[in-house]
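K.L.:
need coordinates for the following:
(chains A and B, ligands or ions: 2)
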Amino acid sequence: MTADLKYAFRMLVKAPAFASIAILTLALGIGANTAIFSLIHELFLRGLPFKDPSRIMHIYGEAKERDLKQLPFSVPKFWHYRDGQTVFSSVAADWGNGYILTGLGEPVQVLGENVTANYFDLLGIRPILGRNFLPQEEMHDDVALITENFWRKRLSSDPGVLGRSIALNGVVTTIVGVLPNLPISWFGRDTEVFTVKPFENSNATKERMMLGYSFMRCIGRLKPDVTMEQAQSAMPALVQSYRTQHPETADCTWTSVLVSASEDVTGDLRPAFVTLLIAVGAVLLIACSNVANLLLVRFSGRRREIALRMALGADRRDVVRLFLLESTTVSVIAGIIGWCLALWIVALAPKMAGDNVPLENSISLHWPVLVFTLALSLLTGLAMGCYPAWQSSRADLIEGLKESIRAVSGSRGQHRLRRGLVAAQVALSMVLLATAAMLASSFVRLSNQETGFRSDHVWAAGIGLPDGRYPDAASRGRFAQRLVDEVQASPGVETTATVEALPMSGNYSQTPYARADGNPLPVNHRPLGLTRSISPGYFQTLRIPLLAGRDFTERDGTDAPLVVILSNSTAKKLFPGENPLGKQLLFGVDHGNGLMAEVIGVVGDVRSRELAKANDVEFYRPSPQRSFSFFNLVVRTSVNPETAAPMVRAALDKIDKEIPILQPNTLDTIITQSLGQRRLTMGLLGAFAGIALLLAVVGIYGAVAYTVEQRTAEIGVRMALGAQVKDVLRLVVRQGMNPVLIGLGLGLVAIFGTGRFLTAQLYQISPHNPILLALTAAGLAIAALLACLVPARRATSIDPIQALRAE
Amino acid sequence: MIRLHNLERSYPLGRGQLFYVLRDIDLDIAEGDFVSIMGPSGAGKSTLLHILGMHDHGWTGEYFFDETAVHHLKAKERATLRNQQIGFVFQQYHLLDDLTVYENLDIPLSYRHYSKSERAALVADALDRFQIVGKKDLYPRQLSGGQQQLVGVARAIIAGPKLLLADEPTGNLHSSQGEEIMELFRRLNEEGMTIVQVTHSEKNASYGKRIVQLRDGWIV
Ligand SMILES: Nc1ncnc2c1ncn2[C@@H]1O[C@H](COP(=O)(O)OP(=O)(O)O)[C@@H](O)[C@H]1O
Ligand SMILES: [Mg+2]
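P.N.:
Ligands and ions are numbered 1, 2, ... in the order given. The predicted structure is shown next:
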């Protein structure tokens, strides 16, 4: 065996061209597969680092008839479920919060969560220092858990961290434990601190809270003997009892749906990764068929060696083993190189994806991936070596002799196989290229999608006001007004405004609404509409056109009559054929029927949630009348928008030095980032399609070149009989292009068969778009033609005299 | 019909030296002639035949085909002239393995300007004339050597050349099969075909009208 292995190595070293082409080809295939497998492992297989994550259920609200899905929990509902359910061993809740951390140098914002005391016990996460929260701390205590990152970076790994106090939003809070760093797929990026008091939220009054203001993620761990289906079928009873006992709440009409934690974090990524997995599979198939082709040529060129070995007593199995050893040697070396390639691709992935895909910043390749690569390498080595080895070992002494006499063209079986491999490669490349082209075209269309607002020259950042010093709408309103005035007065600033949540940032809020006239539905049957609290000047800053009525002014304050501005399509939907100005709408859940607001204006439609989807309903409210302790500042500058940052800092320093600037960014960047997942999929698929094309072209070239070499004598005869340059070119190209055309046809059929699967990942382009498919096919055909032409040109320079003499 | 004057063919030997395969060849071949070229192996017979057949362009001297000065023609013009005037028969037959007899006969026509129906008619004629109609769908390996060479000759003349060149056409055949081919040549010659053959056998040479002896590149 060792001797054979040595021999295999020596044979490869002796044929460096063959060895390097085969190894590189396979390395590309194995590398792509390893990279995607490692991303899939990371996102889907490794699972959340919780205890038994498949037993953890995320409970969502849903109102199918109003097309509302994945809705959060309200406080009364949580209490009702927590106390009434019997299928979970425990139920917990959390919600994301921002804290201003003071007392450790500059004031900074840290992201964190308010959680129920049992939250980390439910997940099965043990602190690395200290302890988890205690039940008695839940309602009133100012205690915190921090992550290892927080501890190491902000507290310099202070050994006396337990019992140490930090100021969060101005409240002195005691650290009781340090948690290991947490998965961003569950907690989001940069979540570092956790506190209790989960049922207090400064964004809503006690009254609104008890009327079903929904903001919590509710999770439960299944009891050991309860299945997910059983738990799901226990939900309607809870839904029903909550509805009877809390008929006044906005969320009592929703049903409850369980989604397992693992499904929850990756559900929407699945189609993209299935696509990618199929793509890399295709790349590997192409690579394998290329190398199989090479091996076929190589092994059948060694008939004399085989005959000799057999004469010396080798049997067929020995010969097959010898060849398989050679092919697996190639594939294992390729696997090692592919592994390095994968490391590189995987390192790029988080950058391409941005915040849009929950990938940790540094993905390491874990041992299951190593096993995968190794198994894949061995398997490909065996798979592609089998047929060539079997074929070549068939030759016994006499047959070997016969074969060498009529050497004009190789065996018909091999010939057909080679052409079949080329056709398959072309078909796969066609599918990959077309898919990549469609994704790219979708991406370009999305990138160029009109948003309805102008994002250039706009800088944006979050501002969070601590409740202690800014307890009410009036104090926050005064702060916001001063900030806007200060920034507005800075050089280079055109306009500035505040907005509750930035468009395309992934943050938005929805409110029940209804026309006040006629017979409005009860609150909990009303549809939800996107609602943004803004300051006067927001429309001007984002260049959203005012179509009718007026913008908000300073007079639309806390105590002034409530007012609302509608997007154009909202106005058309709610007031078809009527003048919406002066009409009354009901918003929210206050007093059980919502608050009445007068329509004072209509503005242009914008895409604010997703580039891919227009909002059908969107409302704007003046921020004093719907106030939050967290909001965003948007600044339109006449110069580079990045220059706004120091000006805003200077303005803040004049008003309140303790307020940090949160997540400063340009609006352009925010929009670009919203396409992160698409960019990742498109980038990877584009790269794979490129590799597929390259490999297919190499494969076609190899096959045609080999044919030309084998047919030298025939071509010589044909030239002697009168064939001229163009005849020879036609002969070779026609033969080379024949399987290519068959492959293109098969590829098109495959696209028509599988295109529907892609539709969800495309934007404004059909998977059967004829122009795109035609261009792809034409591009591939041209590449293939060039691949044929090179050896065909060589064929035309065959000297018939030499070719005939060679016999 | 053919006039060679002072024709020479050489290969570089390295270090500026030349190795002459053919020297100072003067040869006239009249229309309707049947010439046998003889000489020991390596004398330059095949080389001369390839020059006559306008495959080889690396020679110097003068070569007139009818009134055309071949030495002044470009490669492309020579190819056209060759396709119109010259047919080839090879010692190893050089039939294409993967084509049937019918398709082998069709090859030369496919490289000349014939319509589909003309081609079919010409192939049918040839099959008839050489009495191989029954073999038209067979592959070369299903034929005996003599039959293969018969197809080889049929293929050489199917496009109606005036000159037939044959390099040891019977070299791979039994004597009885060889005689058949020679009889065929004689008949073709009687019908007006000019033939130049290379042969080692006195007997085959006797079918021709005259013999040209080559030795070390010289006509003797
Ligand atoms: N391409 C070539 N390079 C060098 N020498 C060649 C080449 N082709 C033929 N020769 C030489 O030319 C001589 C004549 O060859 P050839 O015409 O085939 O002889 P014949 O057919 O008479 O046996 C031989 O000595 C051969 O070695
Ligand atoms: Mg010879």
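K.L.:
nearest residue to residue B:66 in space, please, no chain neighbours.
P.N.:
With C-beta to C-beta, 6 or more residues apart in numbering or on different chains as the criterion, residue B:66 has its nearest non-adjacent residue at 6.0 Å, and that residue is residue B:1. C-beta here means a position set from N, CA and C on the backbone, and glycine is covered the same way.
K.L.:
what's the burial count for that neighbour?
P.N.:
16 (other C-beta atoms under 10 Å in any protein chain shown).
K.L.:
these two touch, right, it and residue B:30?
P.N.:
Yes: at 5.9 Å, residue B:1 counts as touching residue B:30 under the criterion of C-beta atoms under 8 Å.
K.L.:
okay, and the common contacts of the two?
P.N.:
residue B:194 (C-beta atoms under 8 Å, 6 or more residues apart in numbering or on different chains).
K.L.:
quick revisit: what separation is there between the residue nearest to residue B:66 and chain A?
P.N.:
Taking C-beta to the nearest C-beta, to the nearest Å as the measure, residue B:1 and chain A are separated by 20 Å.
K.L.:
same check, this time on residue B:145
P.N.:
13 Å.
K.L.:
could you check the pLDDT of the closest residue to that residue other than its chain neighbours?
P.N.:
Leaving out its chain neighbours, the residue that sits closest to residue B:145 by C-beta to C-beta, 6+ apart is residue B:173, at 5.3 Å. pLDDT, residue B:173: 89.
K.L.:
residue A:232 and residue A:54, how far apart?
P.N.:
14 Å (C-beta to C-beta, to the nearest Å).
K.L.:
quick one: least confident helix or strand in chain A?
P.N.:
Every helix and strand of chain A was ranked by mean pLDDT, DSSP states H and E. The lowest is helix A:397-405, at a mean of 44.
K.L.:
list the buried residues in the helix or strand just after that one.
P.N.:
Remark: after helix A:397-405, the chain's next helix or strand is helix A:412-447, criterion DSSP states H and E. Along helix A:412-447, the positions that meet the burial threshold by neighbour count (16 or more other C-beta atoms under 10 Å in any protein chain shown) are A:414, A:417-419, A:421-443, A:446.
K.L.:
the one residue sitting closest to the centre of chain A: which element?
P.N.:
The centre of chain A sits closest to residue A:677, judged by C-alpha atoms, centre = their mean, with a distance of 3.2 Å. Using DSSP H and E, residue A:677 sits within helix A:676-710.
K.L.:
next one: residue A:714
P.N.:
helix A:712-720.
K.L.:
burial of residue A:341, as a residue count?
P.N.:
19.
K.L.:
list the contacts for it?
P.N.:
A:27, A:28, A:31, A:32, A:34, A:35.
K.L.:
repeat for residue A:55
P.N.:
Residue A:55 neighbours (C-beta under 8 Å, 6+ apart): A:221, A:222.
K.L.:
distance check, it against ligand 1.
P.N.:
Distance, residue A:55 to ligand 1, using C-beta to the nearest ligand atom, to the nearest Å: 82 Å.
K.L.:
pLDDT value on that residue, please?
P.N.:
pLDDT recorded at residue A:55 is 93.
K.L.:
and what of the one 10 residues further on?
P.N.:
pLDDT for residue A:65: 81.
K.L.:
what number of residues lie near it?
P.N.:
Neighbours of residue A:65 (other C-beta under 10 Å): 9.
K.L.:
distance of it from chain B?
P.N.:
70 Å.
K.L.:
the inter-axis angle of the helix holding residue A:714 versus helix A:676-710?
P.N.:
70 degrees (axes from the mean of the first three to the mean of the last three C-alpha atoms, to 10 degrees).
K.L.:
pull the CA atoms of helix A:712-720 into CSV?
P.N.:
Output of helix A:712-720 as CSV, limited to C-alpha atoms (Å, rounded to 0.1, in the frame of the first residue of the first chain):
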residue,chain,number,x,y,z
THR,A,712,-4.7,13.8,-36.0
ALA,A,713,-4.4,11.0,-38.5
GLU,A,714,-8.1,11.3,-39.5
ILE,A,715,-7.7,15.1,-40.0
GLY,A,716,-4.6,14.4,-42.0
VAL,A,717,-6.5,12.1,-44.3
ARG,A,718,-9.3,14.5,-44.7
MET,A,719,-6.8,17.3,-45.6
ALA,A,720,-5.2,14.9,-48.1
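K.L.:
what about that helix and ligand 1, touching?
P.N.:
No: residues of helix A:712-720 are not located near ligand 1 by C-beta under 6 Å from any ligand atom, the shortest gap being 13.7 Å.
K.L.:
for the helix holding residue A:677, packing partners?
P.N.:
Applying 3 or more C-beta pairs under 8 Å, 6 or more residues apart in numbering or on different chains; DSSP states H and E, we find helix A:676-710 packed against helix A:16-40, helix A:270-300, helix A:316-353, helix A:412-447, helix A:725-758, helix A:770-796.
K.L.:
nearest to residue A:465 among those would be which one?
P.N.:
Residue A:465 lies closest to helix A:316-353 among the helices and strands packed on helix A:676-710, at 32.1 Å (C-beta to C-beta).
K.L.:
could you point out which element follows that closest one?
P.N.:
Past helix A:316-353, the next helix or strand by DSSP H and E is helix A:367-393.
K.L.:
which residue is the nearest non-sequential neighbour of the residue in the stretch 101-250 of chain A that ligand 1 sits nearest to?
P.N.:
Going by C-beta to the nearest ligand atom, ligand 1 is nearest to residue A:185 of the stretch 101-250 of chain A, at 71.4 Å. Spatial nearest neighbour of residue A:185, excluding adjacent residues (C-beta to C-beta, 6+ apart): residue A:358 at 3.5 Å.
K.L.:
so that neighbour makes contact with residue A:187?
P.N.:
No: the pair residue A:358 / residue A:187 is not scored as a contact, 9.5 Å apart, by C-beta under 8 Å.
K.L.:
if we can go back for a sec, do you know how far the residue nearest to the centre of chain A is from residue A:722?
P.N.:
Per C-beta to C-beta, residue A:677 is found 61 Å from residue A:722.
K.L.:
which non-adjacent residue is nearest residue A:94?
P.N.:
Leaving aside its chain neighbours, residue A:94 sits nearest to residue A:115 (4.2 Å; criterion: C-beta to C-beta, 6+ apart).
K.L.:
please apply the same query to residue A:450.
P.N.:
In this structure, residue A:450 finds its nearest non-sequential neighbour in residue A:607, 7.8 Å apart by C-beta to C-beta, 6+ apart.
K.L.:
list phi and psi for the residue in the stretch 651-800 of chain A that ligand 1 sits nearest to.
P.N.:
Nearest to ligand 1, among the residues of the stretch 651-800 of chain A, is residue A:799, at 8.5 Å (C-beta to the nearest ligand atom). The phi and psi torsions at residue A:799 (degrees, to the nearest 10) take the values phi -90, psi 110.
K.L.:
quick check: it vs residue A:719, distance?
P.N.:
9 Å.
K.L.:
what residues are up against the residue lying closest to residue A:290 once chain neighbours are set aside?
P.N.:
Computed as C-beta to C-beta, 6+ apart, the closest residue to residue A:290 that is not its neighbour in sequence is residue A:699, at 4.3 Å. Applying C-beta under 8 Å, 6+ apart, we find residue A:699 in contact with A:286, A:289, A:290, A:293, A:421, A:422, A:425.
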